[in-house]
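A.B. asks: model this:
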Amino acid sequence: YLQGSKLQSVALKGCEIGNEGARHLAKSLAKSVLTELNVNSNNIGNEGAICIADVLPGSKLKMLNLGRNEIGDDGAARLGLGLQGSNVAKINLFGNKIGDVGAVAFAKCFDNKSSQVKDVNLGRNEISDIGAIGLADHLSNDSSLTILKLDGNKKIGVPGAISLYDKVVHRKTTLLTSLKLDPNKESDSEQGREQKDLLGAFVSMKFKNNEMCGKQVAASPAVVAGEAAPEAAPALVPAPAPVAQAEAHVTVQDEAVVAGEAAPEAAAPPDAPTQAISAEGQGAHAMEAAKRWDLDLTSTTMEITQLEDDKKLSSADDALLVKALVCLPNLTSLDLSENKLDDAAVGIIASALELPTCRLTTLKLENNNFRNSGVLSIAKLLSKSKLTTLHLGGNRLQASGAINLSKYLQGSKLQSVALKGCEIGNEGARH
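C.D. replies: A predicted model of the protein is given here:
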């Protein structure tokens, strides 16, 4: 009897209609004027979800609540397909049995530019980092989505959160104004707490009031872990252009400094040697660094200084792990003194200084193995960084290093510079 009625909203929450009831409702949807359907908590499985999904393109539905049912990957995949040609703007799939395969298949609806979907609730399903990364890949295509809820998916950790941040939240063109994540809420393990704190840091960065990533967002729309979001983070600058992957080695060479002449900058290496890290890779690198050097990833201060000689930081691989740490939005002070970092390694680490997630204000690199080129990698990014303290003592920077550093002091936020034992001489002092 729905056909021919003026009913626009029907709520059948908890009526135990099952797949059979869902199948019959689906038949009438295309011929009714119904715009809202709530069949939450009705033991509807894949079969019933598929029946509803297949008629969505011909219906007038704008809101569909299928929360707390028994829908799995097959049902989610078909719903994603049905949404592509529908008028549905809000869909609730909270508390079902959707895993990574279903989440990624469902997300294909975001690839369709004509999609009307703006509000999706996939909370408390069985989605892990793999599914979150897949969702991020589809959402990076400038979809119309403004609200995404993934809370209660306890297998989503740092890699998934970083992927959502990098590919969706951080995009200047994103329409997303609310992202809810709540992993490991019941976990008392150290890793669980680290993931929860890190996710809070990444997510709150976008959704705290003021202008972020070049667009205006409503004040405090995101709530992390079911609590009020922390105090607003400073506004982010627009995302830098993607950097190309660096060569495995970067050949560098100090230019001889002729007394009374400035070392030519052309002798320095290309702009900050960098190595691109995928969102999931960055999270994995941070976790690996924490394990290798016994670090607390939620700390604001880190020191990697008292290492045995054969374990001192030196390689590009070490530098990539450190770069992931520099990208942690909670870290403000990092001491890497007494290691063996060369120009190439320092260049990789320095490339993180201009990233929006980097909040580092203190960087100590005393008694390493870098020279003029390593200093230049840091110096060129000073104006884009938040550094106020820079310690480079004990490295053979010579006059050329001091000269290149002096060129970029203007416009930087540096308040303290230490060049003890850097052999800069009279020429370096003059500059």
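A.B. asks: from now on I want contacts and neighbour counts done on CA atoms only, so please keep to that.
C.D. replies: Fine.
A.B. asks: SS state for Asn125?
C.D. replies: Taken by DSSP: H, G, I helix; E, B strand; the rest coil, the conformation at Asn125 corresponds to coil.
A.B. asks: helices along the stretch 51-200 of the chain, start to end?
C.D. replies: Counting by DSSP state H, counting those that start in this stretch, the segments of the stretch 51-200 of the chain that form helices are 73-83, 100-106, 129-139, 158-164, 190-206.
A.B. asks: of these, which shows the lowest average pLDDT?
C.D. replies: Note on the helices of the stretch 51-200 of the chain: helix 190-206 shows the lowest mean pLDDT, a mean of 49.
A.B. asks: how many neighbours does the closest residue in space to Lys97 that isn't next to it in sequence have?
C.D. replies: Counting by Cα to Cα, 6 or more residues apart in numbering, the nearest residue to Lys97 once its immediate chain neighbours are dropped is Gly72, at 4.7 Å. As a burial measure, Gly72 scores 21 neighbours (other Cα atoms under 10 Å).
A.B. asks: again with the one 5 residues further on
C.D. replies: The burial count assigned to Ala77 is 24, neighbours taken as other Cα under 10 Å.
A.B. asks: distance check, it against Asp100.
C.D. replies: 11 Å (Cα to Cα, to the nearest Å).
A.B. asks: and the strands in the stretch 1-150 of the chain?
C.D. replies: 9-11, 36-38, 63-65, 90-92, 119-121, 147-149 (DSSP state E, counting those that start in this stretch).
A.B. asks: could you say what helices and strands the second one packs with?
C.D. replies: Read it as strand 36-38. Secondary structure elements in contact with strand 36-38, counted by 3 or more Cα pairs under 8 Å, 6 or more residues apart in numbering; DSSP states H and E, are strand 9-11, strand 63-65.
A.B. asks: quickly run through the sheet partners of that strand, with directions.
C.D. replies: strand 9-11 (parallel), strand 63-65 (parallel) (DSSP bridges).
A.B. asks: and the average pLDDT for the last one is what?
C.D. replies: Strand 63-65 shows a mean pLDDT of 97.
A.B. asks: poorly predicted segments of the stretch 151-300 of the chain, please.
C.D. replies: In the predicted model, the stretch 151-300 of the chain carries pLDDT under 70 at residues 170, 172, 182-282.
A.B. asks: just the terminal-to-terminal distance for stretch 28-36.
C.D. replies: End-to-end span of stretch 28-36 (Cα to Cα): 13 Å.
A.B. asks: excluding chain neighbours, what is closest to Gly58?
C.D. replies: In space, and not counting its chain neighbours, Gly58 is closest to Ala30: 5.3 Å by Cα to Cα, 6+ apart.
A.B. asks: tell me which of the strands paired with strand 36-38 sits most buried.
C.D. replies: Mean neighbour count (mean count of other Cα atoms under 10 Å) peaks for strand 63-65 among the strands paired with strand 36-38, with a mean of 20.
A.B. asks: centre of the chain to that strand, how far?
C.D. replies: In terms of Cα atoms, centre = their mean, to the nearest Å, the centre of strand 63-65 is set 29 Å apart from its chain centre.
A.B. asks: do a quick rundown of the helices in the stretch 301-431 of the chain.
C.D. replies: Taking DSSP H, counting those that start in this stretch to define them, one finds helices in the stretch 301-431 of the chain at 316-326, 343-350, 372-379, 398-407, 425-430.
A.B. asks: mean confidence (pLDDT) on the longest one, please.
C.D. replies: Okay, so that is helix 316-326. Across helix 316-326, pLDDT averages out at 90.
A.B. asks: pull out the buried residues from it.
C.D. replies: 316, 318-326 (16 or more other Cα atoms under 10 Å).
A.B. asks: try stretch 400-414
C.D. replies: Within stretch 400-414, the residues scored as buried using 16+ other Cα under 10 Å are 400-406, 408-409, 412-414.
A.B. asks: same deal with stretch 46-64?
C.D. replies: Along stretch 46-64, these residues count as buried under the neighbour rule (16+ other Cα under 10 Å): 46-57, 59-64.
A.B. asks: chain center to it, what's the gap?
C.D. replies: Distance of stretch 46-64 from its chain centroid, counting by Cα atoms, centre = their mean, is 33 Å.
A.B. asks: could you dump the buried residues of stretch 400-414 into JSON lines and include pLDDT and distance to Lys386?
C.D. replies: Below are the buried residues of stretch 400-414 laid out as JSON lines (pLDDT from 0 to 100; distance: Cα to Cα, whole Å):
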{"residue": "Ser400", "pLDDT": "90", "distance to Lys386": "24"}
{"residue": "Gly401", "pLDDT": "88", "distance to Lys386": "21"}
{"residue": "Ala402", "pLDDT": "91", "distance to Lys386": "20"}
{"residue": "Ile403", "pLDDT": "91", "distance to Lys386": "21"}
{"residue": "Asn404", "pLDDT": "87", "distance to Lys386": "19"}
{"residue": "Leu405", "pLDDT": "92", "distance to Lys386": "16"}
{"residue": "Ser406", "pLDDT": "91", "distance to Lys386": "17"}
{"residue": "Tyr408", "pLDDT": "92", "distance to Lys386": "14"}
{"residue": "Leu409", "pLDDT": "91", "distance to Lys386": "13"}
{"residue": "Ser412", "pLDDT": "93", "distance to Lys386": "8"}
{"residue": "Lys413", "pLDDT": "94", "distance to Lys386": "6"}
{"residue": "Leu414", "pLDDT": "94", "distance to Lys386": "8"}
